[in-house]
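K.L.:
Generate a structure from the sequence data that follows.
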Amino acid sequence: MSNTPWPHFSKDELACKCCDQMQMDPGFMTVLEDLRVAYGKPLKITSGYRCAKHNTEVAKTGTKGPHTTGKAVDIQIAGSDAHLLLTLALAKGFPRVGLSQAG
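P.N.:
Next up, the predicted model:
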């Protein structure tokens with residue numbers, strides 16, 4: 001059972017790794033929850049909300065950026081699952097999708 005308003009996501013995976021704050025945007029999370037349902041499998045969130053301090057340490061966007069407003073998550077996924085998730089995200093109207101592949 002989730003400890004957030006979104007059944008498939010927990011505070012542990014969404015909270016800032018630095019300060020444990022979780023200020024996810026409800027509209028973003030509603031669409032992310034809808035994406036998770038459409039995908040039909042768990043999504044491994046590696047980063048959710050980031051406070052300005054933590055975001056400065058780990059991202060090029062510094063104190064500003066989509067993670068600092070709760071409008072972004074990083075998901076660990078690979079192969080055909082990544083292609084399917086990308087296709088679904090675009091169909092759901094996600095305005096931006098960032099990709100990073102390990103070589």
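
K.L.:
Run through this protein and note the low-pLDDT ranges.
P.N.:
By pLDDT under 70, the weakly predicted segments of the chain are 1, 99-103.

K.L.:
Once you drop chain neighbours, what's closest to Q23?
P.N.:
Excluding its sequence neighbours, the residue lying closest to Q23 (Cβ to Cβ, 6 or more residues apart in numbering) is G70, at 4.9 Å. To be clear about C-beta, it is placed using only N, CA and C from the backbone, and glycine gets the same treatment.

K.L.:
how far away is the one you found from L84?
P.N.:
Relative to L84, G70 is positioned 25 Å away (criterion: Cβ to Cβ, to the nearest Å).

K.L.:
Who has more neighbours out of those two?
P.N.:
When G70 and L84 are compared for neighbours, G70 comes out ahead with 20 against 15, by other Cβ atoms under 10 Å.

K.L.:
Look up phi and psi at the more buried one.
P.N.:
phi 70, psi 20 (degrees, to the nearest 10).

K.L.:
No further questions, thank you.
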